[in-house]
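J.: Return atomic coordinates for the entry below.
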Amino acid sequence: MRYRELIPGIDVSEIGFGNWTVTTGWWGDYSEQQAIDLHRAAFDRGITLFDTADGYGDGYAEEVLAKALDGKRDQIVIATKFGYDLESTSERRGQQERPHRTDVPYVRQCLEDSLRRLRTDVIDVYQLHNPRMTHVEQDDLWAFLEQARDEGKIRSYGAALGPRIGWRDEGIAAMDQGRGVALQMIYNLLEQEPGTDLIAKARETGAKLIVRVPHSSGMLEGDLTEDTVFPPNDHRRHRPRSWLIEGVQKVRTLDFLTQDMTLAQAALRWVMATPEIVTVLPNIYNAAQLEEFTADARDLTQEELDRVAALYARNFDVEPSGLTEKIGA
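T.: Numbers count the residues shown, from 1 in each chain. The predicted model follows:
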């Protein structure tokens, strides 16, 4: 495992562990013990950054992290998120986003609740979860985060962009306005926008980047086909069939990356070829994947990076399929 500096005095593993995969039900059902075991296996493989959120299972994910790594606090870096109204009683359907709530008294309580669930006195990276521009411009919120840092309750803060590909303007504004030192974004070999713009801004401002979804929701793990059937509780069933058909076709153009590593490993090394990116959070479902993603793989050559860029510029030579029905239909 290799490590990079996230904030002064804190290095993190290049491969991090985002525990939403095993605590939210979006990627299958895991017992608490299964989730705990995978956290511990990640730590044993050299992973030191563990990313979670108060909204993952309404605090359940934070509790699992604390149970799994009890006694290891001084050896790990904890990143968690806030910003959703966990008290909201409004009805939501499927993967519908819950309402935000960012008034300072509520965020103060969220911070205290996260500290309690995580069984720690300080959170290393406290991230505003999927912010809109109004949140980026909310001066009293960011003043409170600065105060929390001065009080020693957090070591750094920033924003985790999403929930879908997008939010370019929010990310650029957050970096321009100095809203923390860390920015989390979606970025992968198949989905490079708006990541390239955010990387350019990070280079200009000195912000550090955390990347999630490096395998394009599993497409770059290399085991999907046009006939793949996702389980009933898998969120990818809600995607249009064109995502699956076109994605599989694009992946077939990347065989040149897999002569001495798996496609999943190559996808991670492609992300980490960018120096502004400090760590990447692949979705890890099991011990075999954990071993694959944390294995020592070589860096991509400039020739390989250039070839990927050329393919991306021409949509990997794939014509749009026009299929709009959902995969699970």
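J.: Quick check on Thr80: phi, psi?
T.: The phi/psi pair for Thr80 (degrees, to the nearest 10) reads phi -130, psi 170.
J.: Break down the protein into its strands, ranges please.
T.: Under the criterion DSSP state E, the chain contains strands at 3-7, 10-13, 17-18, 49-51, 77-82, 125-129, 157-160, 182-186, 208-212, 277-281.
J.: Could you list every helix and strand that the longest one packs against?
T.: I take that to be strand 77-82. Strand 77-82 sits against strand 49-51, helix 104-118, strand 125-129, with contacts defined as 3 or more C-beta pairs under 8 Å, 6 or more residues apart in numbering; DSSP states H and E. (Glycine included, C-beta is placed from N, CA and C.)
J.: Tabulate the strands of the chain in JSON lines, adding columns for mean pLDDT, mean neighbour count and distance to Leu305.
T.: Formatted as JSON lines, those follow (pLDDT from 0 to 100; neighbours: other C-beta atoms under 10 Å; distance: least, C-beta to C-beta, whole Å):
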{"stretch": "strand 3-7", "mean pLDDT": "95", "mean neighbour count": "17", "distance to Leu305": "19"}
{"stretch": "strand 10-13", "mean pLDDT": "96", "mean neighbour count": "20", "distance to Leu305": "22"}
{"stretch": "strand 17-18", "mean pLDDT": "97", "mean neighbour count": "27", "distance to Leu305": "25"}
{"stretch": "strand 49-51", "mean pLDDT": "98", "mean neighbour count": "27", "distance to Leu305": "25"}
{"stretch": "strand 77-82", "mean pLDDT": "98", "mean neighbour count": "26", "distance to Leu305": "28"}
{"stretch": "strand 125-129", "mean pLDDT": "97", "mean neighbour count": "26", "distance to Leu305": "28"}
{"stretch": "strand 157-160", "mean pLDDT": "97", "mean neighbour count": "25", "distance to Leu305": "26"}
{"stretch": "strand 182-186", "mean pLDDT": "96", "mean neighbour count": "25", "distance to Leu305": "19"}
{"stretch": "strand 208-212", "mean pLDDT": "97", "mean neighbour count": "24", "distance to Leu305": "16"}
{"stretch": "strand 277-281", "mean pLDDT": "98", "mean neighbour count": "25", "distance to Leu305": "14"}
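J.: Now distance to Ala313 too, for the ones you listed, in JSON lines please.
T.: Listed next are the strands of the chain as JSON lines, based on distance: least, C-beta to C-beta, whole Å:
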{"stretch": "strand 3-7", "distance to Ala313": "28"}
{"stretch": "strand 10-13", "distance to Ala313": "32"}
{"stretch": "strand 17-18", "distance to Ala313": "30"}
{"stretch": "strand 49-51", "distance to Ala313": "31"}
{"stretch": "strand 77-82", "distance to Ala313": "33"}
{"stretch": "strand 125-129", "distance to Ala313": "32"}
{"stretch": "strand 157-160", "distance to Ala313": "29"}
{"stretch": "strand 182-186", "distance to Ala313": "20"}
{"stretch": "strand 208-212", "distance to Ala313": "21"}
{"stretch": "strand 277-281", "distance to Ala313": "21"}
